[in-house]
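Just the structure for this:
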Amino acid sequence: MEQPQASLAIQVLPKVRADGKNPEGDEVLRIVDAVIAYLKGTGLNTFVGPFETTVEGDFDRIMDIAKECQLICIREGAASVSTYMKVFFNPGEGVWSIAKKVTKHHA
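Numbering: from 1, shown residues only. Next comes the predicted model:
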């Protein structure tokens with residue numbers, strides 16, 4: 001497998017309105033779960049953490065994925081979305097894999 005040239009850590013915070021049937025927190029989790037399902041479905045190496053999800057791969061694809069995460073939130077019913085992203089791009093040497101960064105801490 002080719003070494004990825006970019007990694008993206010992303011946390012979406014959809015703004016939703018609570019109603020009698022769906023408390024605000026439940027709606028936020030439902031929308032965040034839709035984004036995580038999308039990230040996991042990209043076929044790229046993905047790691048879901050308690051605050052953000054990390055995905056690694058080609059830089060252009062990573063940037064398209066970041067955009068799509070915003071659009072998913074809106075399509076799922078969020079009025080708006082705040083997103084915290086960290087991107088590391090190293091086209092020459094690639095990036096350390098998720099496994100290299102975290103495996104020793106989860107053994």
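
CA atoms for contacts and neighbours, from now on please.
Noted.

so what's residue 94 up against?
3-6 (CA atoms under 8 Å, 6 or more residues apart in numbering).

list the helices and strands the helix or strand of the chain with the lowest mean pLDDT packs on?
Within the chain, no helix or strand scores below helix 98-102, which has a mean of 88 by mean pLDDT, DSSP states H and E. In terms of contacts (3 or more CA pairs under 8 Å, 6 or more residues apart in numbering; DSSP states H and E), helix 98-102 is packed against strand 45-48.

Which neighbouring elements make contact with the strand it packs on?
helix 24-40, strand 53-57, helix 98-102.

pLDDT (mean, whole number) over it?
Strand 45-48 shows a mean pLDDT of 96.

Can you report how many residues lie near residue 27?
Residue 27 has 20 neighbouring residues, counting by other CA atoms under 10 Å.

wait, doesn't it sit right on residue 16?
Yes: between residue 27 and residue 16 there is a contact at 6.8 Å, judged by CA atoms under 8 Å.

Do you know the pLDDT at the residue nearest to residue 54 when sequence neighbours are not counted?
Distances taken as CA to CA, 6 or more residues apart in numbering place residue 9 nearest to residue 54, at 4.2 Å, with adjacent residues excluded. Listed pLDDT for residue 9 reads 97.
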